[in-house]
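Student: model this:
(2 chains)
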Amino acid sequence: MITSAKAALRAALLGLALASTAGCTSMVRDPVPLAMIDKASFQSATPIRYWGDQLPAAYASAYRSNSHILSLSGGGLNGAYGAGYLTGWTARGTRPSFDLVTGISVGAMIAPLAFLGSRYDGRLQAILANVGSESLGGPGLLAMLFGAPALADNAVVKRMIAEIIDEETLAAIASEHRKGRRLLVGTTNLDAERPVVWDIGAIANSTLPNRLELVRQVILASAALPGFFPPVLIEVTIDGKRYDELHVDGGITQQFVMLPGDGQGRGRSKSTLYAIYNGTTQPTPQIVKASGLSILGRAVPTLLKYRDRGDVRELENTARANGISYHLAAIPGGFPEPPTRNAQLQAWLNALYALGFKNGSVGNWQSSR
Amino acid sequence: MNSLLSKVAVGLRLLTITLALAAVAGCSTFGIRHPVPAAAAETAALIPTPVIRYWGDELPKANSEIFAGLGKTANPKFLALSGGGMNGAYGAGFLIGWTARGDRPKFDIVTGISIGAVIAPMAFLGPRYDKRLETVFANLVDQRAKGPGVIAALLGAPAIADNTPLRAAIAQVIDQQALDEIAAEHRAGRRLLIGTTNLDAERPVVWDIGAIANSNIANRLELVRTIILASASVPGIFTPVLIRVNVDGRAYDELHVDGGVTQQVVLLPGGVSADLPKSRGTLYVIYNGTIEPQRDAIQQVSSVSVLERAVPSLLKYRGRGDILVLEAAARARGLKYLLTAISADFPQPDSLFLASPAWLNELFAFGYKNGRAGIWQTHP
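Tutor: As a prediction, this is how the structure comes out:
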């Protein structure tokens, strides 16, 4: 009886959807055959990406010198905190030029500007602290139920990414890459069910004709929260034939790009890992009503918070295993949740950005070791 | 057909989550709560002494009995049983296969989360309880969860599945005799720990089941059953569990759900800390799930199809993260670390909660085979 009710509901909604398919785009796929997943490549002379759980040890060389590593987590709108923290750090006057910058999701949007240095702080603020003024239009909940690829249109995010990565910043990233600095962004290859780490500097420095578009696509994929934003199809080649891979938010598999553990037991190095977590690691006590929606509305963010805490711990373990110093910045517990009304969103973002700026400008880390 | 329906169920469940996240409030609520005031969360107690529970994310502050007795053993053996819903058939099969192999040790500490919490008491009491373990699983496999359904959940009912079969299974696991035996083992220095999530506090809780069994709490049998039920109460699927506590002589309730919401495996409250003596012990982890990636290309791209793939992937990587953190900590304390999990090539069920009896029996047999062969891995 319950199942027939479900089927009836589905049928009714399907009818509605068919009656109003306007605005719903469909994605036609030519997926990489499962057995060939490891063979997918780009027409680039140098490697531009790796499995995120098998990052080459070469990236660990950063640990050996006197280097500065910045890791930026996902966290959606909470990214205003990280953007604020970085600009505050500039104001403090001690922000280093990072030898390695990594980013996931909203962290992947911040990462290129953080990589290029304090000169780009103005752009960082203009882009990441003003999302609230743009309402995220989209096909909406009903369309999503009946087959639209996502709840929200990603046009706004696309536009933001186009402002972050233009011909000028791409050339600047390529030039820094040639000096040995590295910029990495993480996505999730959902066909392979594995994290992927993209060497953005290597793409920028390549001869790929579509390198500008590819970098933008990778960042868009990194921030493509499943169900909310459409997934991103990335074109690859196997034996001269074209296929696509389906990529979504890097945060599905890891909230930080996990660095290779090659340095185990190598003793202390003078390097430092700065991690900016765009979220709160601390518990937020709150009385929960015993209804299905309030239980889930509470349990899902709790699960995600503890998942992220695990990733933070793992990052910390990596730092320890490599003998490098570690500093973590995160949103202090007690900062209010994002408002549900669009009208209040900009004020909330401003407050979060200001809090990040304040903490960055006084060098306030949540934990250090 | 079954597969389609379960997919619809998953889709609707995901919609429920989305709705909940969008803060569209439910219309009606079930039970009336008397929640612990937030400021009193630290002092809430069932009884003043002994200490029967700990926050799972910090080291025990005082009076910890957990470590007492560990010093006596040169090579302590720890067993951690993860959550994983009906995938617990793997762990149950593995333990029984391990008995058949003949080298299953007597564990000094056994911990369980969710379905692992249902298995843990029997794993703790030893191979004599293998028969019961098998019966409990056979009964769970035979039962089909019934309940008010997804639409009721959307409208505010606390859950979509009836927890009666689960309660019956737990009552079968823990009877008065098992409780008394757990108490005796506790006095001998062994420990049985179960994790839940206190959703009001948004923190993991680790319960010392042996200390409860060994206490003079009047309703200790019921309390132990309630804790195991809470540990296995997946939010949105099963009703949350209200646990009565006292603050300054006044009665309140705490709302507990699946321990897996905060951690999929647990060893000790606060992790494996420096308090744990460096030892030549061994930590065995039975992970009731698959850790390795499983390839599967989405052909029809839609929100529902992407979410159906992405949500289990997220949960998989979350479990993997929990294991990696536990592994790093165990190694740092000098423990030998051994892990078993369901291999990626084992066929997946249609749905975690509607898995067919045939599939569950196959999984049990697969676990038995691995346990009997002593197949362990040392790293995910």
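Student: every contact and neighbour count from this point should use C-alpha atoms.
Tutor: OK.
Student: residue boundaries of the strands in the stretch 101-250 of chain B?
Tutor: For the stretch 101-250 of chain B, applying DSSP state E, counting those that start in this stretch gives strands covering B:109-113, B:191-198, B:203-208, B:241-247, B:250-258.
Student: against which helices or strands is the second one packed?
Tutor: Translated: strand B:191-198. Applying 3 or more Cα pairs under 8 Å, 6 or more residues apart in numbering or on different chains; DSSP states H and E, one finds that strand B:191-198 contacts strand B:109-113, helix B:115-125, helix B:176-187, strand B:203-208, helix B:209-213, helix B:220-231, strand B:250-258.
Student: which residues of the stretch 51-200 of chain B fall in helices?
Tutor: B:88-101, B:115-125, B:130-142, B:149-154, B:164-173, B:176-187 (DSSP state H, counting those that start in this stretch).
Student: out of those helices, which is closest to A:Phe335?
Tutor: Closest approach to A:Phe335 among the helices of the stretch 51-200 of chain B (Cα to Cα): helix B:149-154, 28.9 Å.
Student: and chain A, which of the helices and strands packed on strand B:191-198 is closest to it?
Tutor: With respect to chain A, and counting by Cα to the nearest Cα, the nearest of these is strand B:203-208 at 6.4 Å.
Student: what lines up beside that closest one in the sheet?
Tutor: Partners of strand B:203-208 in the sheet, by DSSP bridges, are strand B:53-55 (antiparallel), strand B:191-198 (antiparallel).
Student: reformat the ones you listed as a markdown table; add mean pLDDT and mean neighbour count.
Tutor: Putting the strands paired with strand B:203-208 into a markdown table (pLDDT from 0 to 100; neighbours: other Cα atoms under 10 Å in any protein chain shown) gives the following:
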| stretch | mean pLDDT | mean neighbour count |
| --- | --- | --- |
| strand B:53-55 | 91 | 21 |
| strand B:191-198 | 96 | 30 |
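Student: just send those back as a markdown table, with distance to A:Gln125 too.
Tutor: Shown next, in a markdown table, are these (distance: least, Cα to Cα, whole Å):
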| stretch | distance to A:Gln125 |
| --- | --- |
| strand B:53-55 | 39 |
| strand B:191-198 | 38 |
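Student: which residue is nearest the middle of chain A?
Tutor: Geometric centre of chain A, nearest residue: A:Ser105, 1.2 Å, by Cα atoms, centre = their mean.
Student: dihedrals phi and psi, the closest residue to that residue other than its chain neighbours?
Tutor: Once flanking residues are discounted, A:Ser105 sits nearest to A:Ala223: 3.8 Å by Cα to Cα, 6 or more residues apart in numbering or on different chains. When read as degrees, to the nearest 10, the backbone of A:Ala223 gives phi -100, psi 10.
Student: the one 3 residues further on now?
Tutor: Backbone torsions of A:Pro226, given as degrees, to the nearest 10, read phi -60, psi 140.
Student: and it, what does it touch?
Tutor: Neighbouring residues of A:Pro226 by Cα atoms under 8 Å, 6 or more residues apart in numbering or on different chains: A:150, A:248-249, B:303, B:306-307, B:310.
Student: thinking again about what came up before, so what's the residue nearest to the centre of chain A up against?
Tutor: By Cα under 8 Å, 6+ apart, the neighbours of A:Ser105 are A:73-76, A:186-187, A:219, A:221-224, A:249-251.
Student: which of these tops the neighbour count?
Tutor: Neighbour counts for the contacts of A:Ser105 (other Cα atoms under 10 Å in any protein chain shown) peak at A:Gly186, which has 37 neighbours.
Student: give me the phi and psi for the nearest residue to that residue once chain neighbours are set aside.
Tutor: Nearest residue to A:Gly186, sequence neighbours excluded (Cα to Cα, 6+ apart): A:Val197, at 4.4 Å. The phi/psi pair for A:Val197 (degrees, to the nearest 10) reads phi -110, psi 130.
Student: just the pLDDT at A:Val197, thanks.
Tutor: Note on A:Val197: pLDDT of 97.
Student: how many residues are close by it?
Tutor: 28.
Student: alright, I will stop here.
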